[in-house]
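*Asks:* Would you be able to build a 3D model of this:
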Amino acid sequence: MQEISLSYAMGLPPKDAIAYFTAKGYAVTFDWKELWQQAHAQAFTVAGVARLDVLQDIRDGLTTALRDGKTERWFRETLEPVLRKKGWWGKRTDTAADGTTRTVRMGSPARLRLIYRQNMQFAYMAGRYKQALENADARPYWQYLSVVDFLTRPTHKVLHGRVFRYDDPFWSTHYPPNGWGCRCRKRALSASRLKAEGLTVERGAGRMVTQERELVDRRTGEVTRRTVTGYKVPQADEIAWTDPGFSYNPGAAGLANMLDEAARKLRTADPALAAAAVRHLTKGEAFAAWAAAPQGHFPVAVLAADDAARIGGTSALARLSPETWAKQRRHHPELTLADYARVQDVVEQGEVVQDGALRLVYVLDEPGGYVSVVKATRKGDELYLVSFWRLSRDNAQRARIVGQLRKTEKKQPGADH
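*Replies:* Okay, here's the model as predicted:
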């Protein structure tokens, strides 16, 4: 029987999936429970691999398989001789931190099969997640689809066919895969297709619940508690739980990892180039993807070096956290993504007012202008945008607010002007 190529079955590998996969760092873990949820998406891992050269071999093999559309059989036949040569094959005795030992299975055909399928699926899903977000204006509704057969978990089967908006909290935890060997996927729909098929949109708000699960380490007997997330299914006395370790979105977590890498590069780049890059990021699809399911901190402005120094900043890069983003959406729902793309303009063109030792207020005093507030951490190693809002178009009202902001600096001890 001819072997089915996973990459062929899922379509040509999108470049976003490859970017997600190669952006992963490295983590060595004895047990998958030691590398929990989001770290799984951000750091490439194979439970039990304690040698970085072996990890590199496996990672390189998976990257090649993803990029070139290699089959699972190719992956197994290519990796087995390499791993055998390095001693990562068969059984061996491992010693835990407390000195206890146990016999564990290292490499095997079945192990390589699991590694291939799970990591390839995560990479594909992350790439498709980003693609779907980029097309969310045209197809804002996502339908959860499971393979309805005798192998499908009941908690996955009950979600089959259900529709949520792309930015619904449901997708933050239940974007597939939702467990080991999960075959579920999502389908993007336009408003017209939704109506034509007579589908109803559900909402996760108020229906997402969490539960503590006990996990026992077979090696040490140690019991750890982990949180899993479930969706209370309407008109059904059932909660669709994810498996332990899967209550997160691999695509969003991958974006967070890419943002961390971008921040590292922006901090060391020429300030003018860094500012231009931030403008590009906030005006593009990356910010829309982050805003829909924020994970990690998004770069929104590069301050002048003198401004950063005024509040003790060792870096001039200001970022937006998920917590501040949630607060902004509550308090300033009128602001659009295009408004947030103006933060760099406000920092460059606005009047700067110091509000305390750690805070700067930038005021772009014009009709419909903006106010950006940047705060440094106490150590000065991070800068964050903590508030952003639009000024009134009414001249008198705007003048009154701007005047109040200017008085803030005059009250500060040792103000220069």
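*Asks:* CA atoms for contacts and neighbours, from now on please.
*Replies:* OK.
*Asks:* neighbours of Asp149, just the number please.
*Replies:* Other residues near Asp149 come to 8 when the count uses other CA atoms under 10 Å.
*Asks:* part of a helix, is it?
*Replies:* No. Counting by DSSP: H, G, I helix; E, B strand; the rest coil, Asp149 falls outside a helix, being coil.
*Asks:* Please tell me the pLDDT value assigned to it.
*Replies:* We have a pLDDT of 83 for Asp149.
*Asks:* Show me the domain layout of the chain.
*Replies:* Listed by automatic domain parsing, the domain ranges of the chain are 6-241, 269-410.
*Asks:* Return the member of these having the minimum mean pLDDT.
*Replies:* When I compare the domains of the chain, domain 6-241 is least confident, with a mean of 72.
*Asks:* Please enumerate the strands of the stretch 51-200 of the chain.
*Replies:* For the stretch 51-200 of the chain, applying DSSP state E, counting those that start in this stretch gives strands covering 91-95, 101-105, 141-145, 163-165, 185-189.
*Asks:* go on, the stretch 301-417 of the chain?
*Replies:* For the stretch 301-417 of the chain, the strands defined by DSSP E, counting those that start in this stretch occupy 317-320, 351-354, 359-363, 370-376, 383-390.
*Asks:* Measure how far the third one is from the centre of its chain, please.
*Replies:* Centre-to-centre, strand 359-363 and its host chain are 29 Å apart (CA atoms, centre = their mean, to the nearest Å).
*Asks:* That one pairs with which strands, parallel or anti?
*Replies:* Paired neighbours of strand 359-363 in the sheet (DSSP bridges): strand 351-354 (antiparallel), strand 370-376 (antiparallel).
*Asks:* That one to strand 383-390, inter-axis angle?
*Replies:* Angle of strand 359-363 versus strand 383-390, following axes from the mean of the first three to the mean of the last three CA atoms, to 10 degrees, is 30 degrees.
*Asks:* neighbouring contacts of strand 359-363?
*Replies:* Here strand 359-363 makes contact (CA atoms under 8 Å, 6 or more residues apart in numbering) with 307, 311, 346-347, 350-355, 369-376, 402, 405.
*Asks:* and the gap between Arg390 and Val352?
*Replies:* Separation of Arg390 from Val352 (CA to CA, to the nearest Å) stands at 16 Å.
*Asks:* Looking at these two, which one has more neighbours?
*Replies:* With neighbours defined as other CA under 10 Å, Arg390 and Val352 compare such that Val352 has more, 21 against 18.
*Asks:* What is the burial count for the closest residue to that one other than its chain neighbours?
*Replies:* Distances taken as CA to CA, 6 or more residues apart in numbering put Tyr362 closest to Val352, at 4.5 Å, once the chain neighbours are dropped. Tyr362 has 23 neighbours, counted by other CA under 10 Å.
*Asks:* what's the answer for Ala305, then?
*Replies:* 14.
*Asks:* what's near enough to touch it?
*Replies:* Taking CA under 8 Å, 6+ apart, one finds Ala316 in contact with Ala305.
*Asks:* Let me see the residues that make contact with stretch 133-151.
*Replies:* Contacts of stretch 133-151 with the rest of the structure, by CA under 8 Å, 6+ apart, involve 132, 152, 156-157, 159-166, 183-191, 194, 201, 285, 288-289, 292.
*Asks:* Out of these, name the ones that lie in helices.
*Replies:* Members of the contacts of stretch 133-151 lying in helices (criterion: DSSP state H): 132, 156-157, 191, 194, 285, 288-289, 292.
*Asks:* Can you pick out the most distant pair from these?
*Replies:* The two members of these with the most space between them (CA to CA) are Lys157 and Glu285, at 32.4 Å.
*Asks:* and Arg406, how many neighbours?
*Replies:* Using other CA under 10 Å, Arg406 has 17 neighbouring residues.
*Asks:* ok, Arg67 to Pro176 distance?
*Replies:* Distance, Arg67 to Pro176, by CA to CA: 21 Å.
*Asks:* who's more crowded, those two?
*Replies:* Taking neighbours as other CA under 10 Å, Arg67 and Pro176 compare with Pro176 leading, 28 against 17.
*Asks:* Surely that one and Arg185 touch.
*Replies:* Yes. Pro176 lies in contact with Arg185 (CA atoms under 8 Å); the separation is 5.7 Å.
*Asks:* Could you name every residue contacting both of these two?
*Replies:* The contact sets of Pro176 and Arg185 do not overlap (CA under 8 Å, 6+ apart).
*Asks:* I'd like the mean pLDDT over whatever helix or strand Ala263 lives in, please.
*Replies:* In this assignment (DSSP states H and E), Ala263 forms part of helix 250-268. Helix 250-268 comes out with an average pLDDT of 67.
*Asks:* Following it in sequence, what is the next regular element?
*Replies:* Downstream of helix 250-268 (by DSSP H and E), the next one is helix 271-283.
*Asks:* In that following helix, which of the residues would be classed as buried?
*Replies:* Of the residues in helix 271-283, 271, 274-275, 277-279, 281-283 count as buried by neighbour count, 16 or more other CA atoms under 10 Å.
*Asks:* Contacts only, for the spatially closest residue to Ser387 that is not a sequence neighbour.
*Replies:* Leaving out its chain neighbours, the residue that sits closest to Ser387 by CA to CA, 6+ apart is Val373, at 5.0 Å. Applying CA under 8 Å, 6+ apart to Val373 gives the contacts 359-362, 385-388.
*Asks:* again, only this time at 7 Å
*Replies:* The contact partners of Val373, by CA atoms under 7 Å, 6 or more residues apart in numbering, come to 360-362, 385-388.
*Asks:* Quick one: the residues you listed as a markdown table, columns for distance to Glu334 too.
*Replies:* Output for these, formatted as a markdown table (distance: CA to CA, whole Å):
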| residue | distance to Glu334 |
| --- | --- |
| Leu360 | 23 |
| Val361 | 21 |
| Tyr362 | 20 |
| Leu385 | 18 |
| Val386 | 17 |
| Ser387 | 14 |
| Phe388 | 12 |
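*Asks:* Great, nothing more from me.
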